[in-house]
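1. Provide a 3D model corresponding to the input given below.
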Amino acid sequence: MPITSQTRVATYPVLSAAQPAPASQPPAAASAATFAQALAQASANASEPAATPTPIARKLAGSLFGDAAADGIITGDEMRAARDEAKAAYQRRFGAAIAAQAIDTSVPLKLQSDALGRVVVVGDHPDKARIEQLFAEDGELNNAFKKASSLARMVAAFEEVLPFHEAYAKDPKAAVAQYAYLFNSSSQITTEHRWGPDGLDVLFNSERVWRSAWG
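-> Alright, predicted model coming up:
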């Protein structure tokens, strides 16, 4: 499912079939030249027209982007609009749930999905256990959070990769050196909740988390 700013530029990995990892060569043994070649090839592949999306990819795109996914191309503006709509839906549902449970809103609250897919509180909070239990028991709230977070992560990744494509078109070698972190780290979203005079506001903070270049 191609995702573009105004025109087609790349296929977002989440909506594409997973590619097999390179054969058994360990990361430590890979030379800098080999790694640079792999990055260059990845960029070249991303610039090519995407293959016909699988039924699973089409279903996923439809669940995230609705009618915007019907033509097979998702623009940057459509991604941001979908994120903002999902954020508003989650914000309404979570705000109502918090009020119904009389959970303390005077303390900053940050949420994240853990490795098992559970919504967990980041750091300390006086109502940490109650908040996590709320997400565990309320499937619709859990899904609303994950949809908004997934779209926020996709938008963040999309906005990060565009400068790489622009730089690669001008100087591939320099672009690979400058943006290598995109290939050996992944983005992680922390959802921050703030309560003020106008009620609840939700902010998505993206950070890069290191991972193996081949893993």
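
2. going forward, measure contacts and count neighbours with C-alpha atoms only.
-> Will do.

3. so who does Tyr142 touch?
-> You called it Tyr, but residue 142 is Asn. Val119, Phe135, Ala136 (CA atoms under 8 Å, 6 or more residues apart in numbering).

4. Sort out which of those residues are buried, if you could.
-> Val119, Phe135 (16 or more other CA atoms under 10 Å).

5. Among the contacts of Asn142, name the ones in strands.
-> When the contacts of Asn142 are checked against strands (DSSP state E), the matches are Val119.

6. for the chain, what helix or strand is lowest in average pLDDT?
-> The helix or strand of the chain with the poorest confidence is strand 8-11; it has a mean of 34 (mean pLDDT, DSSP states H and E).

7. which intervals of this structure have sub-threshold pLDDT?
-> Counting by pLDDT under 70, the chain has low-confidence residues at 1-72, 211-215.

8. can we see that at 50?
-> Applying pLDDT under 50 to the chain flags the ranges 1-32, 35, 46-47, 49-50, 56, 213-215.

9. Give me the neighbour count for Leu141.
-> The number of residues packed near Leu141 is 20, by other CA atoms under 10 Å.

10. Could you do Leu111 as well?
-> Residues contacting Leu111 under the criterion other CA under 10 Å number 20.

11. which residues does the nearest residue to it once chain neighbours are set aside contact?
-> Ranked by CA to CA, 6 or more residues apart in numbering and with sequence neighbours excluded, the top spatial neighbour of Leu111 is Val121, at 4.7 Å. Remark: with contacts taken as CA under 8 Å, 6+ apart, Val121 is in contact with Leu109, Lys110, Leu111, Gln112, Lys128, Ile131, Glu132.

12. quick check, nearest of the residues you listed to Lys147?
-> Checking the contacts of Val121 against Lys147 with CA to CA, the nearest one is Gln112 at 12.4 Å.

13. other SSEs contacting whichever strand or helix holds that closest one?
-> Under the criterion DSSP states H and E, the helix or strand holding Gln112 is strand 109-113. Using 3 or more CA pairs under 8 Å, 6 or more residues apart in numbering; DSSP states H and E, the elements in contact with strand 109-113 are strand 119-121, strand 185-196.

14. again, only using 10 Å
-> Judged by 3 or more CA pairs under 10 Å, 6 or more residues apart in numbering; DSSP states H and E, the packing partners of strand 109-113 are strand 119-121, helix 128-137, helix 139-170, strand 185-196, strand 199-210.

15. hang on, the earlier thing: out of the contacts of Val121, who has the most neighbours?
-> The most neighbours, when the contacts of Val121 are compared by other CA under 10 Å, belong to Leu109, which has 22 neighbours.

16. Look up the closest residue to that residue, ignoring the ones flanking it.
-> Leaving out its chain neighbours, Leu109 is closest to His193 (CA to CA, 6+ apart), at 5.3 Å.

17. The one you found is in contact with Asp104, isn't it?
-> No: contact status for His193 versus Asp104: not in contact, 11.9 Å apart, counting by CA atoms under 10 Å.

18. between the two, which one's more packed in?
-> Here His193 and Asp104 are compared on neighbour count by other CA under 10 Å; more neighbours surround His193, at 19 against 13.

19. Might you report the residue contacts of that one?
-> When the contact criterion is CA atoms under 10 Å, 6 or more residues apart in numbering, the partners of His193 are 91, 94-95, 105, 107-111, 200-204.

20. Check those residues against Lys170 and report the nearest one.
-> Phe204 (31.7 Å).
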